[in-house]
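Asker: Here is my input; please provide its structure:
(chains A and B)
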There are 2 protein chains.
Amino acid sequence: MAKAWHLMQRPKGKPTHDDVALKEIELAPLEDGMVHVRNHWLSVDPYMRARMDDTDSYFDAFKLGQPMDGGAVGEIIASKADGFEVGDKVLSFAGWRDEAVIPAAGIHKLPDLGVDPYHFLANLGLTGGTAWFGLMDVAEAKAGDVVFVSAAAGAVGSAVVQIAKAKGMTVIGSAGGADKCAWVKSLGADACVDYKNGSLLKNLKAALGDVGAKGIDVYFDNVGREHLDAAFAIAEQEARFAECGMIDGYNHEAPYGFKYIAYIIGKRLQLKGFIYTDYQPRMGEFYAAMGPMIASGEVQSRETVMEGLDSTFDAFLGLFSGANTGKMLVKL
Amino acid sequence: MAKAWHLMQRPKGKPTHDDVALKEIELAPLEDGMVHVRNHWLSVDPYMRARMDDTDSYFDAFKLGQPMDGGAVGEIIASKADGFEVGDKVLSFAGWRDEAVIPAAGIHKLPDLGVDPYHFLANLGLTGGTAWFGLMDVAEAKAGDVVFVSAAAGAVGSAVVQIAKAKGMTVIGSAGGADKCAWVKSLGADACVDYKNGSLLKNLKAALGDVGAKGIDVYFDNVGREHLDAAFAIAEQEARFAECGMIDGYNHEAPYGFKYIAYIIGKRLQLKGFIYTDYQPRMGEFYAAMGPMIASGEVQSRETVMEGLDSTFDAFLGLFSGANTGKMLVKL
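Answerer: Okay, here's the model as predicted:
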């Protein structure tokens, strides 16, 4: 019997196990145009926290008492859809469960880029795509720019670091703890600030000195709040901010008081929010650029993998406690 | 003997008369390439508060013990510069004083647009130019857009309202008090919210209903803080924010806690800071668009005029207590 994680109540602040339940589900009958998929990999991502609230934003809110969904890579085990064969590897949105019967129209057959399929949930999917389009398109980053990226040991951040280095930029990352910072530097970052150790702003200014820069041209924001405020403070004139995530804000009740936000005016800053799914029409361009960098090892990934459907919610919670280095995945 | 306002100490929070002094000054000798100007009109503007702090931003900080400066319109009373004759009306930066001997290279002869010269300190200068370029260029506003402008009874805001209406947009303003709101509506605004009367956000949502809109496409920000936060909350997808001023923040010590800032991501918002002086190369385009609108009365202005050099600092302080409706000027 197939199983899926259901949202049972809307979390107050940080989610807990009381908010969800893993329950058996009835699969839909396999009708014409549909496929039966068995998932091999599930993705858990910070944006899912926002979907647990009762507010539709760029994604619909999860429905109470219903299975949640999200990115998943699996294999077709039965098909009544033209062009989809048993054994095809596919990317779908039928995550948070082990099996699904779904319309073939909503799934994607994975192109053969010579890489392991789980990459399509990571550097060839949401995380790498977010890094690529956010850095190159939203922030218009170019060779020679000084780039600051927060949560640089995270899935998106670690991809940003490597893409930026591959494109000839100077990179300052931030991460929580010496181990994560060491990993960020091993990916090529010119400096990494441990935000758990001392004043973030002071340490960022020191890092700027270390890399011989006066300020940042680009900020890739994964966390918001104090990091965003510090980025206002160290921005160069006309710096561009790609606003990707404010994970730090999802589970806080008290709003953050920004000290340096008025620099938006004095420094003529540009902030742009963006959402990966808007770039679906440009995936071909992305695969062409990113596929070879992954296959050659120029862009590496590290995954934190938890095993089994039972562990999915703990994997999700781990995103908010810093349990992951790189992309958090669940292997079924 | 000429006189000028000097900065004697840097204000803590709101400036007071203890921070400044009106003192006699020695004029420079009139050498080749210089002109002697007698000012008729002085401009006081919110950005001057930032220049009183010891931090250079887009403008240099005022120097302690020295005369301050700013926009002024006057008349040449002696000249040793080619192309500048006694009687010429000029725009200079030798404000906060009655007379100055300055290089002709730094002043502009006023073009004849058939309007009173003081307009070059208002709708044909800093304030109107800020409104025009902020709305049309920075926010890329176009016919049919729903525009929210804060401090809509202020110098810049009232120009934004009228330009937006002339260009076929729907306009919601905010202002402090029923009288100011009535004036904003008389300028053509479709709605005006009195920010001193009840919940700003709730009243803005009601105003949206009144004008038959679900959200705003453009926010012209003159004040920051609660207004900016409310704009995040009522923004449509892909709304553009022209960040012009955060006057509300200049004299506050406590940073503002933003509740809705994460909408930058979910709504794909774009915020851009800008500074009027960056548009100096495009003044010809601006005069061509704005001059006829002023001469014809399509864009009206209201000035709050204080008389005499002695009143200049009180005029400046009035900017922060809401004493002005429209552009604050000092007539000498």
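Asker: got a list of what residue A:2 touches?
Answerer: For residue A:2, the set of contacting residues under the criterion of Cβ atoms under 8 Å, 6 or more residues apart in numbering or on different chains consists of A:24, A:25, A:26, A:27, A:97, A:98, A:99, A:100. No exception for glycine: its C-beta is placed from N, CA and C like everyone else's.
Asker: Check these for burial and list the buried ones.
Answerer: For the contacts of residue A:2, a neighbour count by 16 or more other Cβ atoms under 10 Å in any protein chain shown gives the buried set as A:25, A:97, A:98, A:99, A:100.
Asker: what number of residues lie near residue A:259?
Answerer: 17 (other Cβ atoms under 10 Å in any protein chain shown).
Asker: swap in residue A:267?
Answerer: 21.
Asker: Tell me who's in contact with residue A:143.
Answerer: With contacts defined as Cβ under 8 Å, 6+ apart, the neighbours of residue A:143 are A:167, A:168, A:169.
Asker: Of the residues you listed, which count as buried by neighbour count?
Answerer: Counted by 16+ other Cβ under 10 Å, the contacts of residue A:143 give residue A:169 as buried.
Asker: Which ones among the contacts of residue A:143 lie within helices?
Answerer: Secondary structure defined by DSSP state H assigns none of the contacts of residue A:143 to helices.
Asker: The one helix or strand residue A:241 maps to packs against which elements?
Answerer: Element membership of residue A:241, judged by DSSP states H and E, is strand A:235-243. Using 3 or more Cβ pairs under 8 Å, 6 or more residues apart in numbering or on different chains; DSSP states H and E as the contact definition, the elements that strand A:235-243 packs against are strand A:216-221, helix A:225-234, strand A:270-273.
Asker: and of the ones you listed, who's closest to chain B?
Answerer: Nearest of those to chain B, taken as Cβ to the nearest Cβ: strand A:270-273 at 4.1 Å.
Asker: how far does the closest one sit from the chain's center?
Answerer: 18 Å (Cα atoms, centre = their mean, to the nearest Å).
Asker: residues from chain A in reach of chain B?
Answerer: Remark: the part of chain A in contact with chain B comprises A:50, A:57-58, A:224, A:243-246, A:249-250, A:254-259, A:261-275, A:278, using Cβ under 8 Å from any Cβ of the partner chain.
Asker: hmm, which of those residues are the buried ones?
Answerer: When the residues of chain A next to chain B are checked for burial by 16+ other Cβ under 10 Å, the buried set is A:50, A:57-58, A:224, A:243-246, A:249-250, A:255-256, A:258-259, A:261-275.
Asker: List the residues that contact the residue nearest to residue A:219 when sequence neighbours are not counted.
Answerer: In space, and not counting its chain neighbours, residue A:219 is closest to residue A:231: 4.1 Å by Cβ to Cβ, 6 or more residues apart in numbering or on different chains. Taking Cβ under 8 Å, 6+ apart as the definition of contact, the neighbours of residue A:231 are A:148, A:150, A:216, A:219, A:221, A:239, A:241.
Asker: separation between the fifth one and residue A:126?
Answerer: Applying Cβ to Cβ, to the nearest Å, one obtains 17 Å for the distance of residue A:221 from residue A:126.
Asker: Compare neighbour counts for those two and give me the winner.
Answerer: Using other Cβ under 10 Å, the more surrounded residue of residue A:221 and residue A:126 is residue A:221, with 27 against 21.
Asker: and the gap between residue A:259 and residue B:219?
Answerer: Taking Cβ to Cβ as the measure, residue A:259 falls 22 Å from residue B:219.
Asker: sorry, back to before: columns secondary structure on top of the contacts of residue A:2, output as CSV?
Answerer: Output for these, formatted as CSV (DSSP: H, G, I helix; E, B strand; the rest coil):
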residue, secondary structure
A:24, strand
A:25, coil
A:26, coil
A:27, coil
A:97, strand
A:98, coil
A:99, strand
A:100, strand
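Asker: Return the list of helices and strands in contact with the helix or strand containing residue A:78.
Answerer: Assigned by DSSP H and E, residue A:78 falls within strand A:72-79. Based on contacts counted as 3+ Cβ pairs under 8 Å, 6+ apart, the elements that strand A:72-79 packs against are strand A:34-43, strand A:89-92.
Asker: helices or strands up against the helix or strand just after the first one?
Answerer: Downstream of strand A:34-43, the first helix or strand assigned by DSSP H and E is helix A:47-51. Helices and strands touching helix A:47-51, as assessed by 3+ Cβ pairs under 8 Å, 6+ apart, comprise helix A:247-250.
Asker: which residues make contact with stretch A:197-217 from outside it?
Answerer: The set of residues that contact stretch A:197-217 without belonging to it, under Cβ under 8 Å, 6+ apart, is A:141, A:145-148, A:170, A:172, A:174, A:178, A:190-195, A:226-227, A:229-231, A:233-236, A:239-240.
Asker: go with 6 Å
Answerer: The contact list for stretch A:197-217, computed with Cβ atoms under 6 Å, 6 or more residues apart in numbering or on different chains, reads A:145-146, A:148, A:170, A:172, A:190-191, A:193, A:226, A:230, A:233-236, A:239.
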